[in-house]
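*Asks:* After the sequence you'll find the predicted model.
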Amino acid sequence: MPLYLVGFMGVGKTQLGRRVARGYHTRFVDLDHWVTAAAGMPVKNIFERWGETYFRDLEHACLRCTAQLRSAVVATGGGTFTYERNRQVVEKLGTSLWIDLDFDSIIGRMSERGRRSRPLLQDEKKARALFEARRPAYRAADLKVKVQPGEPAGAVAARILQMIRERNCVI
């Protein structure tokens with residue numbers, strides 16, 4: 001059963017996902033990479049050319065394709081888990097884990113280029129409002145790891161691995 005990492009953009013789902021997958025000797029999947037491969041262009045370009053609705057439909061289709069994975073750690077996009085239809089897919093296919101990091105830490109560790117590449121982070125005030133609006137959906141995750149500001153990724157990954165073992169989650 002896949003482990004789906006959920007949380008706001010920039011919390012470290014991809015970096016943590018790679019580490020956790022290595023720790024479990026399983027496959028790592030970045031859902032945004034599947035979406036960009038399917039569209040043949042970066043997320044920012046998908047938003048610009050076809051809009052967010054098109055992106056979300058493509059994202060949902062790619063998420064459903066993870067059903068073929070018997071064992072994997074899947075880093076979802078920041079908005080993936082905020083849609084009920086996607087939460088239902090994740091619930092059916094595996095275990096969800098919310099990577100919870102405060103907004104100021106997210107923005108503080110992102111480069112200017114990183115912020116520019118994310119369409120929904122262009123305006124910090126709007127991004128903060130989006131962060132707050134998405135938190136209730138993230139709370140629906142099966143598991144949660146609270147990341148402390150400045151906490152090294154290796155330490156967070158180790159805590160995730162320990163949590164998964166303690167709860168006998170199958171990945």
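*Replies:* Cool, got the structure. Numbering: from 1, shown residues only.

*Asks:* the residue most distant from the middle of the chain, which is it?
*Replies:* Distance from the centre of the chain peaks at Arg49, with 23.0 Å (CA atoms, centre = their mean).

*Asks:* CA atoms of the one helix or strand it maps to as CSV?
*Replies:* For Arg49, the element it lies in under DSSP states H and E is helix 43-50. Taking C-alpha atoms only, helix 43-50 is exported to CSV below (Å, rounded to 0.1, in the frame of the first residue of the first chain):
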residue,chain,number,x,y,z
VAL,A,43,3.2,22.9,-13.8
LYS,A,44,3.5,26.7,-14.2
ASN,A,45,2.9,26.3,-18.0
ILE,A,46,-0.1,24.0,-17.5
PHE,A,47,-1.7,26.7,-15.3
GLU,A,48,-0.9,29.5,-17.8
ARG,A,49,-2.0,27.6,-20.9
TRP,A,50,-5.0,25.6,-19.6
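
*Asks:* on contacts alone, who are the packing partners of it?
*Replies:* Secondary-structure packing of helix 43-50 (3 or more CB pairs under 8 Å, 6 or more residues apart in numbering; DSSP states H and E): helix 31-39, helix 52-65. Bear in mind the C-beta positions are built from the backbone N, C-alpha and C, glycine included.
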